[in-house]
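In: Provided below are the primary sequence and the corresponding predicted coordinates.
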Amino acid sequence: MANGMTNTAILIVDDDPITLNLLQKYLIYQGYQVGAFATPETALTALQEQTWDLVLLDWLLPGMTGLQLLQQLRQTYPPGVLPVIMITAREDSADMVTALHAGANDYIVKPLNLPIVVARIQAQLATVRSLSPPTTSRLGGRYQIQSPLGAGGFGCTYLAQDLHRPGTPLCVVKQLLAMSVNESEKLLRARHLFHREAQALETLGHYKYIPRLLAYFEQDGEFYLVEEYIQGQSLKEQFTSGKIWSLLEVFSFLKNLLKTLKFIHRHQVIHRDIKPDNIIYEQATGHYILIDFGAVRETLPGADPDTATISIGTRGYAPLEQLLGYPEFNSDLYALGMVTLQALTGLSPTELPWNHNTGELDLTAWQTPQTTHLLNIILGMTRYYPQDRYPTAAAVLKDLGKLEPVLLRLME
């Protein structure tokens, strides 16, 4: 029996009584506490009344889809706090991608193989346990961990309170993950990137659209970085709604981020990981904040441009020269252009059409009298070869400035 743990509570939401009963009985037999619900409304009530460790969620439900319920859950429970495994009879890979982008931790297709379901559950629970906050009550004698925010390749991120400041304001604590001695090379790289982020925030954090560095220290053999907490949604979360932005929204966003890039590039820093996850919309101010400077590269005067760096970036957003280890300042422009197109079209970079003869993006489907000028600017940011792109953020801003009165006239 009991591969599971008796204090682990799993919530199942499925309107098929046969599947619901089968899963409930099997998981109870495995030693889990189980709540089984046939409607989204009863499931939401159960979530408010009790703490659950994992949700098994069917795609097709009465009243709202499982995807809509998932999006509602993610407004309160991040993936690192409450894992959600989608269950469906739909085998379309596009549906799987949609669910994962909406915040699902995993995806299982019917007919269910019950031992595999349990293995998937155990894998997700193990991931959540690895994200558990440090046991030390106060980090650095002042930072009280509240909850996990997420995890990356080298570290975990937590929401915390600064107990030494009036009002105990929230902050973000990043912890470098412990690694075995067998991973010494990986550890050295991780520490290098971690230290680099601290240096970048120390240099750049006084700019209003970049989080401020609050502390950087070692405690009990672990490395911690503390930075300003930005309250708001990431663009990744905004894009899951599928809403296509208006031209004025796109224009305002692009202008905001270009000013930030102009600032960091003036300090000889290349961000190297601009993507929807790393841009936060601060609703209180209406500003877009660029975060996660762990991948930055400092370009020093006299440095050899032909010296390769570690390949860092996200597929679809990073241009070829960056993935090859030769990032340039306009590599950041390429990534920002791709994010901007995602806002304008609703498509991720890998879904956008390309002209196979030229190797460039084919945006003719979105060409209108209103969009033509803005699309031409974005195309200038996303050319395949860096020498064909805008050279600097300042150059893009100059053309955007010329476009602003034209765009406002067209929108009247």
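Out: Arrived safely. Numbers count the residues shown, from 1 in each chain.
In: Give the burial count for L257, as a bare number.
Out: The number of residues packed near L257 is 23, by other C-beta atoms under 10 Å. All C-beta atoms are positioned from the backbone trio N, CA, C, and that covers glycine.
In: show me the contacts for it.
Out: 274, 279, 288, 290, 336, 339 (C-beta atoms under 8 Å, 6 or more residues apart in numbering).
In: Just say helix, strand or coil for the first one.
Out: Local secondary structure at I274 is given as coil here, using DSSP: H, G, I helix; E, B strand; the rest coil.
In: Tell me how far it lies from W52.
Out: 35 Å (C-beta to C-beta, to the nearest Å).
In: Below-threshold pLDDT in the stretch 201-350 of the chain: ranges please.
Out: Of all residues in the stretch 201-350 of the chain, those with pLDDT under 70 make up the ranges 294-312.
In: Can you show me the helices along it?
Out: Secondary structure of the stretch 201-350 of the chain (DSSP state H, counting those that start in this stretch): helices located at 235-239, 247-266, 320-323, 329-345.
In: Return the most buried member of those.
Out: By mean neighbour count, with neighbours taken as mean count of other C-beta atoms under 10 Å, helix 329-345 ranks first of those at a mean of 25.
In: Next one: L114 from Q370, what distance?
Out: 54 Å.
In: Oh, that last question was meant for A104, not what I typed.
Out: Taking C-beta to C-beta, one finds A104 at 36 Å from Q370.
In: for F293, same thing?
Out: 35 Å.
In: Check whether L375 really touches L363, as I assumed.
Out: Yes: judged on C-beta atoms under 8 Å, L375 makes contact with L363 at a distance of 5.2 Å.
In: Now do the one helix or strand N376 maps to against helix 329-345, angle only.
Out: Using DSSP states H and E, N376 falls within helix 372-381. If you take axes from the mean of the first three to the mean of the last three C-alpha atoms, to 10 degrees, helix 372-381 sits at 140 degrees to helix 329-345.
In: I'd like the mean pLDDT over helix 372-381, please.
Out: The average of the pLDDT scores along helix 372-381 is 95.
In: how far out from the middle of the chain is it?
Out: How far helix 372-381 lies from its chain's middle: 26 Å, per C-alpha atoms, centre = their mean, to the nearest Å.
In: got the angle for the helix or strand following that helix vs helix 247-266?
Out: Going down the chain from helix 372-381, the next helix or strand is helix 393-410, by DSSP H and E. Counting by the same axes, to 10 degrees, helix 393-410 lies at 170 degrees to helix 247-266.
In: Show me what helix 393-410 is packed against.
Out: helix 247-266, helix 329-345, helix 372-381 (3 or more C-beta pairs under 8 Å, 6 or more residues apart in numbering; DSSP states H and E).
In: Now do the helix holding N376: everything it contacts.
Out: Here helix 372-381 has contacts from 247, 250-251, 254, 330, 333-334, 336-337, 340-341, 344, 360-361, 363, 366-367, 389-390, 396, 399-400, 403, 406-407, using C-beta under 8 Å, 6+ apart.
In: one step back: more neighbours: which of A104 and Q370?
Out: Shown here are A104 and Q370; by other C-beta under 10 Å, A104 has more neighbours (23 against 13).
In: Please tell me how far the more buried one sits from P79.
Out: Taken as C-beta to C-beta, the span from A104 to P79 is 8 Å.
In: D292 now?
Out: Distance, D292 to P79, using C-beta to C-beta: 17 Å.
In: can you list the domain ranges for this protein.
Out: 9-130, 143-228, 235-410 (automatic domain parsing).
In: and the shortest one, how far apart are its ends?
Out: With C-alpha to C-alpha, to the nearest Å applied, domain 143-228 spans 12 Å between its terminal residues.
In: how far does it sit from the chain's center?
Out: On C-alpha atoms, centre = their mean, the centre of domain 143-228 falls 17 Å from the chain's centre.
In: can you check stretch 15-27 too?
Out: Relative to its chain's centre, stretch 15-27 lies at 33 Å (C-alpha atoms, centre = their mean).
In: One more: stretch 386-395?
Out: That offset, for stretch 386-395, works out to 26 Å (C-alpha atoms, centre = their mean).
In: Let me know the pLDDT of M96.
Out: pLDDT recorded at M96 is 80.
In: nearest spatial neighbour of it, skipping sequence neighbours?
Out: Sequence neighbours aside, Y107 is the residue nearest to M96 in space, at 4.8 Å (criterion: C-beta to C-beta, 6 or more residues apart in numbering).
In: Now do the phi/psi pair for that neighbour.
Out: phi -150, psi 120 (degrees, to the nearest 10).
In: Was I right to think it contacts H101?
Out: No: checked against C-beta under 8 Å, the pair Y107 and H101 is beyond contact range at 11.3 Å.
In: Same drill for those two, tell me which one is more crowded.
Out: Using other C-beta under 10 Å as the criterion, Y107 and H101 rank with Y107 on top: 20 against 15.
In: Enumerate every residue touching the more buried one.
Out: Per C-beta under 8 Å, 6+ apart, neighbours of Y107: 85-86, 88, 96, 99-100.
In: quick one: which of the residues you listed is most hemmed in?
Out: Highest neighbour count within the contacts of Y107, by other C-beta under 10 Å: M86, with 26 neighbours.
In: Mind exporting the C-alpha coordinates of the helix or strand that contains that residue to PDB?
Out: For M86, the element it lies in under DSSP H and E is strand 84-88. C-alpha atoms of strand 84-88 as PDB (Å, rounded to 0.1, in the frame of the first residue of the first chain):
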ATOM      1  CA  VAL A  84      -2.000  21.300 -10.700                       C
ATOM      2  CA  ILE A  85      -2.000  18.300 -13.000                       C
ATOM      3  CA  MET A  86      -4.500  18.600 -15.900                       C
ATOM      4  CA  ILE A  87      -6.400  15.400 -16.900                       C
ATOM      5  CA  THR A  88      -8.100  15.200 -20.300                       C
END
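In: what lines up beside that strand in the sheet?
Out: Note on strand 84-88: by DSSP bridges, its sheet partners are strand 54-58 (parallel), strand 106-109 (parallel).
In: mind checking how far the first one is from the chain centre?
Out: Taking the mean C-alpha point of strand 54-58 and that of its whole chain, the gap between them comes to 22 Å (C-alpha atoms, centre = their mean).
In: which residues are contacting the helix or strand that it is followed by?
Out: Helices and strands here follow DSSP H and E; after strand 54-58, the next one along the chain is helix 66-74. Helix 66-74 has contacts (C-beta under 8 Å, 6+ apart) with 13, 40, 43-44, 47, 55, 57-61, 82, 84, 86-88, 98-99, 102-104, 237, 240-241.
In: Okay then, goodbye and thanks.
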